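Q: model this:
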Amino acid sequence: MQTPDHGNLGDHAIAYAAKKLLKDIYPNKIILDYTYNDLFYCFDLISKFITENDIIYLHGGGNIGDLYITEENMRRKIIKKFINNKIIIFPQSIYFESEKELNLSKSVYTKHNEITIIARDKKSYQFAKLHFNNNIILSPDLVFYLFNKIKINQIKRNGIIFLLRNDKEKIMNKNIIEEIIKYISSINEDYNYSDTHLGEYKSINKYEREEYIFNILNEISHYKLCITDRFHGFIFSYITNTPCIVFKSLDHKIESGIEWINNIESVKYFNSNEDINNIISTISKYLNKQFICKNNINFDNQIIYSIKQL
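A: A predicted model of the protein is given here:
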């Protein structure tokens, strides 16, 4: 439930990976996908077809909290309605600014005896353990489950792709980007801008999901380097074996989520006030013809175990 209809390809990749994971674990079960809009317009009708024996999985991502309050309100509605069902919330980052909204979510979640919240980073895990009286476990973001499961076109790489936010989560200093562009231009390296979000008014339905995901992954795989402040910008880079420089965004999800692949040489995290010389040195390293990117951490066992034990 609560999978995306909007233009965020990271969210669509989570939903795509979730369905693939559930099919792999439960090959003989029926898996139904209800998007946010399905629920918004047809909640009462959908509810009539759900029995107490059904397990409800809620979409993962970075929206437990009040940054995207419409998503949190829908999750509260689902939890209150299906009080006797087992509910599993796929890996999430958790971020509340308002104590009022946090207390409201706590009161809803705590009244349900069979909720499992899966946190996708240690800070979210610690926060959930502190504030929610539910079963809390830790697991990587589900998009890592696509690693080695999708075929990416192998072509000659050229240039640099920027996947940068332009929303309320953006905190990156524009001067850093200007200095990076200045350096790239000085070494005659091509670059291009794209994004993992296709715009506030772009809608993608669940039947288009796979096509859009493969398009962005193939696009990233054309480049020698990705520079991003998108959470799934660095995960898409990882699963396409594209070197990546990733910058902090508003909350903790990148700085904490990056810890899953902290020791991977091809992904480098910088905070928002990093010395530009360190950034340029890393760009130079990744663009060097001698640098070979071959990622090798597979999270399948950890992700599958997290779901199977519930």
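Q: Could you give the number of residues near Ile303?
A: Neighbourhood size, Ile303 [other C-beta atoms under 10 Å]: 22. The way it works is simple: take the backbone N, C-alpha and C, and place the C-beta from them, glycine included.
Q: Can you give the distance of the helix or strand containing it from its chain's centre?
A: Secondary structure from DSSP states H and E places Ile303 in helix 300-308. Taking C-alpha atoms, centre = their mean, to the nearest Å, the mean C-alpha location of helix 300-308 is offset from the chain mean by 17 Å.
Q: ok, residues contacting that helix?
A: Contact with helix 300-308 is made by 21-22, 24-25, 88, 118, 137-140, 142, 144-145, 147, as judged by C-beta atoms under 8 Å, 6 or more residues apart in numbering.
Q: ok, of these, which come out buried?
A: 21-22, 88, 118, 137-140, 142, 144-145, 147 (16 or more other C-beta atoms under 10 Å).
Q: now, which of those residues lie within helices?
A: Those of the buried ones among the contacts of helix 300-308 mapping onto helices are 21-22, per DSSP state H.
Q: give me phi/psi at the closest residue to Lys294 other than its chain neighbours?
A: Spatial nearest neighbour of Lys294, chain neighbours left out: Asn241 (6.1 Å); criterion: C-beta to C-beta, 6 or more residues apart in numbering. Main-chain dihedrals, Asn241, degrees, to the nearest 10: phi 60, psi 40.
Q: let's have the chain start at 45 instead
A: In the new count, where the first residue is 45, that last one comes out as Asn285.
Q: so Asn285 sits right up against Cys337, yeah?
A: Yes. Counting by C-beta atoms under 8 Å, Asn285 touches Cys337, with 4.9 Å between them.
Q: Common neighbours of the two, please.
A: Residues touching both Asn285 and Cys337 (C-beta under 8 Å, 6+ apart): Ser310.
Q: before we move on, the earlier item: list just the nearest of the buried ones among the contacts of helix 344-352 to Leu242.
A: Among these, Leu186 lies closest to Leu242 (C-beta to C-beta), at 20.3 Å.
Q: how far away is that closest one from Asn321?
A: 36 Å (C-beta to C-beta, to the nearest Å).
Q: returning to what we had before: pull the most distant pair out of the contacts of helix 344-352.
A: Among these, the pair separated by the greatest distance (C-beta to C-beta) is Ile132 and Phe191, at 21.7 Å.
Q: Tell me where the stretch 145-294 of the chain has helices.
A: 166-175, 218-230, 253-264, 275-283 (DSSP state H, counting those that start in this stretch).
Q: Show me the one of these that comes nearest His103.
A: Across the helices of the stretch 145-294 of the chain (criterion: C-beta to C-beta), the nearest stretch is helix 253-264, sitting at 12.2 Å.
Q: Can you name every helix or strand that that closest one contacts?
A: helix 53-69, strand 204-207, helix 275-283 (3 or more C-beta pairs under 8 Å, 6 or more residues apart in numbering; DSSP states H and E).
Q: Listing partners with orientation, what would you give for the longest strand seen in the chain?
A: Counting residues, the longest strand found in the chain (DSSP state E) is strand 131-139. Strand 131-139 has the following strand partners under DSSP bridges: strand 100-102 (parallel), strand 105-109 (parallel), strand 159-163 (parallel).
Q: can you list the weak-confidence ranges in this structure?
A: Residue ranges of the chain with pLDDT under 70: none are present.
Q: Can you give me the domain boundaries for it?
A: 53-190+345-352, 204-331 (automatic domain parsing).
Q: need the ones you listed in JSON lines with distance to Met45, can you?
A: Formatted as JSON lines, the domains of the chain follow (distance: least, C-beta to C-beta, whole Å):
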{"stretch": "domain 53-190+345-352", "distance to Met45": "5"}
{"stretch": "domain 204-331", "distance to Met45": "12"}
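Q: Please identify which of those domains is closest to Asn197.
A: That would be domain 204-331 among these, by C-beta to C-beta, at 5.4 Å.
Q: Centroid-wise, who is the farthest residue in this protein?
A: Ser230 (33.7 Å; C-alpha atoms, centre = their mean).
Q: Distance check, that residue against Asn236.
A: 18 Å.
Q: Likewise for Ile181?
A: With C-beta to C-beta as the criterion, Ile181 and Asn236 are 39 Å apart.
Q: do the same with Gly203
A: Look at Gly203 and Asn236: by C-beta to C-beta, they are 6 Å apart.
Q: same question, Glu213
A: Look at Glu213 and Asn236: by C-beta to C-beta, they are 22 Å apart.
Q: tally of neighbours for Lys193?
A: 13.
Q: who are the neighbours in contact with Glu141?
A: Counting by C-beta under 8 Å, 6+ apart, Glu141 has contacts 109-111.
Q: who wins for most neighbours among these?
A: Most neighbours among those, by other C-beta under 10 Å: Gly109, with 22 neighbours.
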